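[1] sequence? don't have it. structure:
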């Protein structure tokens with residue numbers, strides 16, 4: 001449901017009013033705002049307009065959360081077992 005709402009919002013040009021990239025820690029990066037990304041078109045075009053570092057950050061965070069959710073320690077804290085080791 002959240003994905004559907006996000007897709008509808010992006011398709012209609014709704015975006016955050018601040019910047020996504022700019023000068024940081026002495027590095028002079030080109031200024032990119034969420035408005036610049038939203039002006040690229042639909043959600044697929046907006047993904048293409050994201051800087052490569054932003055895409056990498058999104059994919060790495062999702063990958064980390066997926067790997068952490070599969071670890072035995074995280075499952076044991078929730079009182080479960082991994083599904084290939086006798087869990088549900």
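    Nice, thanks for sending it over. All values derive from a computational prediction rather than experimental measurement.

[2] Centre of the chain to the longest helix along the chain, how far?
    For the chain, the helix that runs over the most residues, judged by DSSP state H, is helix 52-70. With CA atoms, centre = their mean, to the nearest Å as the basis, helix 52-70 stands 8 Å off its chain's centre.

[3] Not counting it itself, show me its contacts.
    Contacts of helix 52-70 from elsewhere in the structure, counted by CB atoms under 8 Å, 6 or more residues apart in numbering, are 20-21, 47, 74, 82. (C-beta placed from N, C-alpha, C; glycine too.)

[4] So for that helix, mean pLDDT?
    Here the mean pLDDT over helix 52-70 is 90, rounded to a whole number.

[5] in it, what counts as buried?
    Using 16 or more other CB atoms under 10 Å as the burial criterion, none of the residues of helix 52-70 qualify.

[6] How far does the very next helix or strand once past that helix sit from its chain's centre?
    If you walk from helix 52-70 toward the C-terminus, the next helix or strand you reach (DSSP states H and E) is helix 72-77. Mean-position distance between helix 72-77 and its chain equals 24 Å (CA atoms, centre = their mean).

[7] now swap in stretch 51-62 and tell me
    The gap between where stretch 51-62 is centred and where its chain is centred comes out at 7 Å by CA atoms, centre = their mean.

[8] that older thread, farthest-apart pair in the contacts of helix 52-70, please.
    Checking the contacts of helix 52-70 against each other with CB to CB, the farthest-apart pair comes out as 21 and 82, at 38.7 Å.

[9] Just give me how far stretch 55-73 sits from the chain centre.
    Computed by CA atoms, centre = their mean, the separation of stretch 55-73 from the middle of its chain amounts to 11 Å.

[10] should've said stretch 31-48
    Counting by CA atoms, centre = their mean, stretch 31-48 comes out at 14 Å from the chain centroid.
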